[in-house]
Structures are given as C-alpha cells and as structure tokens.
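Asks: Prediction below, plus the sequence it came from.
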Amino acid sequence: LEGTLGNEVRGTLSQGLAFCMQSKLPAMIAIGSRHAAIRYATFRMLFAMGVTIPSLEHPSCAIAPNALIGPNALIMPGCTLSHGVKIGALATLFANVTIEHDSVIGENVTFGPGATVSGAVQIDSHSFIGVGATIAPQVKIGERCVIGAGAVVVTDIEPGMVAIGVPARSSRPVKG
C-alpha cells in the first residue's frame, strides 16, 4: 500500500496498536488535520490502552517553565508559550505561533504558521486557527470553530462557526 507522499504503509492501524502495546514503545500519531476525527479517535484508543504518547517541541521554541503541554502535541520551530499556558492533547502549532499568558487551548486544536493568541484566551477542542490569525485578549473561541487566515478575533466566537475578516465575524456554521 502507498501512503502519504508515496511512503509505504506497513500494516493496519490495529497491527500498529498491538505493536505499541507489546513493545512498550511510545507512539506519536502523525495523521494530518484533514483527518482530524480519525487522528483524535486513534489518540483516544492509544490513551485508553495506556500507550505512552509524548509531545514533540522544537528546541528553538521558548516555553515557560509552568506551561503545560498535553500528550501528542507537536510544536514547530519558533513558537512561544508564555506563563501559565495550557495546551491540550493532540494540539499542533506550526512555525512561529505565539500563545500568551494564561491562555487555555483544548484538545486537537491546530494553529497555522504565525498565529498569535493574546493573554487569557480560551480556545475549545477541535478548532482550527488559520495562518497569521490574531486572537485578542480574553476572547473565547468555541469548540469546532474555524478561524480564517489573517482574521483578527476581538469578540467571542460561538461553537461550530467559521469566522473570517478584520475584525472577524462568524460567516457560517462549520460543515460536517
């Protein structure tokens, strides 16, 4: 079988899970955000089975000593996580994302490159923050939201909405 970018697929998901359990090796889920539901279901299975699931942080990142990072988070080069930040499991922060003090990020949230989150922001699980988006202080973004590239979010966004523009406004419900 051929996988992403021509890489060979070696076995089924069930075989991979069994291998992790038998070998006692840690596992890292590398399923892209286009298949976020499958990625999250796989994470929940591994977690329930007691498989060790590490996070990966690039050495160029500036991460406050009291920042909390959940399992299977992927934090790419140049990211900054400030005082009291909490990052949920399976979060992905592409290059140069900044998350300021006391912000709380739910599970399975993806940030495009250069996104900026101001202090005391809450972003609920399964949301997507587009490249270069800016979230103002003390804003809450609900579960399953999509924030468009370059959007500037200055008010709360209800769950399940797509928000675009400057300032960002909810434009429609998320499909699916």
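Replies: Perfect, thanks for sending it. Residues are numbered from 1 along each chain as shown.
Asks: Specify the local secondary structure of residue 40.
Replies: Following DSSP: H, G, I helix; E, B strand; the rest coil, we place residue 40 in the helix state.
Asks: Give me the pLDDT for it.
Replies: Note for residue 40: predicted pLDDT of 86.
Asks: pretty sure it is touching residue 106, no?
Replies: No - using C-beta atoms under 8 Å as the test, residue 40 is too far from residue 106 to be in contact (11.2 Å). (C-beta placed from N, C-alpha, C; glycine too.)
Asks: Need the overlap of contacts for the two.
Replies: Any residue near both residue 40 and residue 106 by C-beta atoms under 8 Å, 6 or more residues apart in numbering counts here, and that gives residue 126.
Asks: With neighbour numbers in mind, choose between the two.
Replies: Regarding residue 40 and residue 106, a neighbour count based on other C-beta atoms under 10 Å identifies residue 106 as having more, with 22 against 19.
Asks: Identify the residues contacting the more buried one.
Replies: Contacts of residue 106 (C-beta under 8 Å, 6+ apart): 88, 123, 124, 125, 126, 127, 143.
Asks: Highest neighbour count among those residues?
Replies: Neighbour counts for the contacts of residue 106 (other C-beta under 10 Å) peak at residue 123, which has 29 neighbours.
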